[in-house]
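S.K.: model the structure of this input:
(one chain, ligands or ions: 1)
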Amino acid sequence: MIQSLTRNFSFLASHLLIATNTKHVGLSLYTHTFCCRSNEMESEIDESIDMADYFTFDAFSFFTLAVDNEIRSGTSSNLGASPRVHSFASMVDIAIRSRTSSNWETSSRVCGFASGVGSAIKSRTPSNLGTPRVHSFSSGVDFVIRSSSGGTDLETSPVHGLASEVYTRNVAAGSSQVPLNATGLFVEGLQLFSLAELVDATDNFSHHNKIGVGSFGVVYGGKLVDGSEVAIKRNETSSKMKEFQKIVFGYLLTFLRRLHHEHLVGLVGFCEEKDDRLLVYEYMKNGSLYDHLHHKGSIVLNSWKTRIKIALDASRGIEYLHYYAGTNIYRAIKSSNILLDDTWTARVSDFGLSSLMEAAGTIGYIDSEFCSLYVLTAKSEVYAFGVVLLEILTGKTPILCGEDGSTPLSVVEFAVPPILAGDLAKILDPRVGAPRVNEAKAVELVAYTAIRCVNLEGKDRPSMAEIVLNLEKSLDIICDI
Ligand SMILES: Nc1ncnc2c1ncn2[C@@H]1O[C@H](COP(=O)(O)OP(=O)(O)OP(=O)(O)O)[C@@H](O)[C@H]1O
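M.R.: A predicted model of the protein is given here:
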């Protein structure tokens, strides 16, 4: 058991390095790489590792959660019996903060931790993190990774000790399969639901309660015992996908629980029982922007002021993800992921989630530059948001079916040439009607921003901060009327 644990921990630590090595590509490609590389690693380390062994990934998540929680709590150890982990966590925190001045404050410490260990290992010189203990920890990880024999000296290594402690705690908590359930304490800020509670909330996941299907699984509307309405995403997917979701679930939660913003759809809690993994979100009563633009034809959206306000709300949510959450984990900017609450305030949903389930994005929103360079950046997300702005202006879907069997056209191809030619009126959604004289200036500013977002090269596109400024100006103009 001890050898197996150590072997698995080394396997997982190897993936930690892969994560840091691919960080520039973003999380979605990281997860893609994760899947591909995991097979290679598996055979390098021990061919007998099978899917059942993946549960230690959750043990690893548990560990990072515990460390992270310790760092944030800044109080006496929640781990109680483990002051060593507490002081280790503090040390990692200091190391991470001293290394960069900026967004570690708000970004995921787990990511920072991975980066720190990754670069210390790669340097293989006295630690560039400044603290020898971090370096020696990373050396320990390195040693375990490199050792294919599972030799006895691993039993005394700090890595083994940590892994062992994590494992013991999981078993002591009564669940070797679903450690996060047993340690809900460490998923601070999220509610842990039992499956029975969610069965009750959704009338046993009835067809009547089903509100959609996405890459994570089926979405149900439900009501909790306290009367609050929620949207519940349940992993009703293939068994292969379920295995993958099992691996990434803890990782996903560590990201999502940190993200709070008035223009993001909040994650309320989760449930993890046997093969079931469910995410419980705030309920967005008025559905998606996509549905209103392309299916429902809601009269509420038949005003330029409302459309610009929705665009601004969404841009603020994405700006938060880019700058304040310190991570480009959002790979699903599209109008179906911009949801509207009961006050018609737009909130971005699915951040993080789609990035784990998909490699690059949805057709129609994929950055033109990504198609040639295969690298996703914040500017790829700006491109996708530009497509959303064009949908808002034109009322057209991202890909327009060709008339009379002609080749389908993207909304970018449809809208950009007339805008550049100064013929904006030609492409505006007729349901809203031509902007009045004073409105025209505001709508023009949105159009001008949109075409900059969909520039072929990322360097010519604006930042999310500039987009927010332009949309604020545009809304100000229209509100002054
Ligand atoms: N919090 C929510 N409140 C209300 N409806 C929601 C909520 N989350 C999702 N939905 C609805 O459920 C449907 C499916 O959503 P989901 O986010 O799972 O997939 P998607 O965004 O359509 O696709 P993908 O997962 O590929 O991005 C959407 O049409 C959306 O309108």
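S.K.: count of neighbours near Ser215?
M.R.: For Ser215, the tally of surrounding residues (other CB atoms under 10 Å) stands at 16. The C-beta positions use only the backbone N, C-alpha and C, and glycine is treated the same way.
S.K.: pLDDT wise, what is it at?
M.R.: With respect to pLDDT, Ser215 scores 78.
S.K.: any idea how far it lies from the ligand?
M.R.: For Ser215, the distance to the ligand equals 4 Å [CB to the nearest ligand atom, to the nearest Å].
S.K.: how about Asn455?
M.R.: The spacing between Asn455 and the ligand, counted by CB to the nearest ligand atom, is 25 Å.
S.K.: tell me how many other residues crowd the closest residue to that residue other than its chain neighbours.
M.R.: Here the nearest residue to Asn455 in space, its sequence neighbours aside, is Arg461; by CB to CB, 6 or more residues apart in numbering that works out to 5.0 Å. Number of residues near Arg461 (other CB under 10 Å) recorded here: 25.
S.K.: Tyr236 against Gly217, yeah?
M.R.: Not quite, residue 236 is Glu, not Tyr. Yes: because the distance of 4.5 Å satisfies CB atoms under 8 Å, Glu236 is recorded as touching Gly217.
S.K.: which of these two has more residues huddled nearby?
M.R.: Set side by side, Glu236 and Gly217 show more neighbours around Gly217, with 21 against 17, by other CB under 10 Å.
S.K.: ok, now which ones touch the more buried one?
M.R.: The contact partners of Gly217, taken as CB atoms under 8 Å, 6 or more residues apart in numbering, are 233-237.
S.K.: restricted to strands, list those residues.
M.R.: Secondary structure assignment by DSSP state E places 233-234 of those in strands.
S.K.: please go through the contacts of Gly217 and note which also touch the ligand.
M.R.: With CB under 6 Å from any ligand atom as the criterion, the members of the contacts of Gly217 in contact with the ligand are Lys233.
S.K.: strands along the stretch 151-300 of the chain, start to end?
M.R.: 191-192, 210-213, 218-223, 229-234, 267-273, 276-282 (DSSP state E, counting those that start in this stretch).
S.K.: tally up the residues packed near the nearest residue to His260 once chain neighbours are set aside, please.
M.R.: Here the nearest residue to His260 in space, its sequence neighbours aside, is Gly266; by CB to CB, 6+ apart that works out to 6.6 Å. Burial of Gly266, expressed as a neighbour count using other CB under 10 Å, amounts to 14.
S.K.: so Gly266 sits against Arg258, correct?
M.R.: No: because the distance of 11.5 Å does not satisfy CB under 8 Å, Gly266 is recorded as not touching Arg258.
S.K.: what residues does the residue lying closest to Asp291 once chain neighbours are set aside make contact with?
M.R.: Leaving out its chain neighbours, the residue that sits closest to Asp291 by CB to CB, 6+ apart is Ser336, at 7.5 Å. Residues counted as contacts of Ser336 (CB under 8 Å, 6+ apart) are 288-291.
S.K.: who wins for neighbours among these?
M.R.: With neighbours taken as other CB under 10 Å, the top of those is Leu289, carrying 26 neighbours.
S.K.: kindly state the pLDDT recorded for Leu252?
M.R.: At Leu252, the model reports a pLDDT of 72.
S.K.: neighbours around it, how many?
M.R.: Every residue meeting other CB under 10 Å relative to Leu252 is counted, giving 25.
S.K.: do the same with the one 5 residues further on
M.R.: When neighbours are counted by other CB under 10 Å, Arg257 registers 19.
S.K.: write out the residues of this structure neighbouring the ligand.
M.R.: Taking CB under 6 Å from any ligand atom as the criterion, the neighbours of the ligand within the chain are 211-216, 219, 231, 233, 265, 281-284, 287-288, 332, 336-337, 339, 349-350, 354.
S.K.: 5 Å - rerun?
M.R.: For the chain, the residues found near the ligand under the criterion CB under 5 Å from any ligand atom are 211-212, 214-215, 219, 231, 265, 281, 283-284, 287-288, 332, 336-337, 350, 354.
S.K.: any low-confidence regions in this structure?
M.R.: 1-188, 247-248, 251, 254-255, 297, 324-331, 352-377, 402-405, 481 (pLDDT under 70).
S.K.: if I look at whatever residue of the stretch 51-200 of the chain ends up closest to the ligand, how far off is Leu389?
M.R.: Of the stretch 51-200 of the chain, the residue with the smallest distance to the ligand, taken as CB to the nearest ligand atom, is Leu198 at 14.3 Å. From Leu198 over to Leu389 the distance is 36 Å, taken as CB to CB, to the nearest Å.
S.K.: what's around Ser239, how many residues?
M.R.: That count, for Ser239 with other CB under 10 Å as the rule, works out to 9.
S.K.: and if you look at Arg431?
M.R.: 12.
S.K.: which ones are touching the residue nearest to it when sequence neighbours are not counted?
M.R.: With CB to CB, 6+ apart as the measure, Asn302 is the residue that lies nearest to Arg431, at 5.4 Å, once sequence neighbours are left out. Asn302 sits next to 431-433 when contact means CB under 8 Å, 6+ apart.
S.K.: between those residues, which sits nearest Pro417?
M.R.: Looking at those and their distance to Pro417, the nearest is Val432, at 21.0 Å (CB to CB).
S.K.: burial count for Asp276?
M.R.: By the measure other CB under 10 Å, the count of residues near Asp276 is 15.
S.K.: correct me, but it touches Leu195?
M.R.: Yes: the pair formed by Asp276 and Leu195 meets the contact definition of CB under 8 Å, at 5.7 Å.
S.K.: and the closest residue to Cys401 other than its chain neighbours, how many neighbours?
M.R.: Using CB to CB, 6+ apart and skipping the chain neighbours, the partner closest in space to Cys401 is Pro408 (5.7 Å). The local packing of Pro408 (other CB under 10 Å) involves 11 other residues.
S.K.: surely Pro408 meets Ile399?
M.R.: Yes: judged on CB under 8 Å, Pro408 makes contact with Ile399 at a distance of 5.3 Å.
S.K.: picking that back up, out of the contacts of Gly217, which is most surrounded?
M.R.: Using other CB under 10 Å as the contact criterion, the top neighbour count among the contacts of Gly217 goes to Lys233, which has 24 neighbours.
S.K.: list the contacts of the residue lying closest to it once chain neighbours are set aside.
M.R.: Among residues not flanking Lys233 along the chain, Leu279 sits closest, at 4.6 Å (CB to CB, 6+ apart). The neighbours of Leu279, taking CB under 8 Å, 6+ apart as the test, are 216, 232-233, 256, 267, 270, 353.
S.K.: gap between Leu393 and Asp275?
M.R.: When CB to CB is the yardstick, Leu393 and Asp275 sit 44 Å from each other.
S.K.: before we move on, back to that, so who does the residue nearest to Asn455 touch?
M.R.: 379, 382-383, 386, 452-455 are the contacts of Arg461 under CB under 8 Å, 6+ apart.
S.K.: may I see the ChimeraX selection of the buried members of the residues of the chain next to the ligand?
M.R.: The ChimeraX selection below is limited to those of those classed as buried (16 or more other CB atoms under 10 Å):
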select :214,215,219,231,265,281,283,284,287,288,332,336,337,350,354
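S.K.: quick check: the gap between the residue nearest to His322 when sequence neighbours are not counted and Val230.
M.R.: Across the structure, with CB to CB, 6+ apart as the measure, the residue nearest His322 apart from its sequence neighbours is Met464 (4.9 Å). When CB to CB is the yardstick, Met464 and Val230 sit 29 Å from each other.
S.K.: and if you look at Val268?
M.R.: Val268 sits 6 Å away from Val230, taking CB to CB as the criterion.
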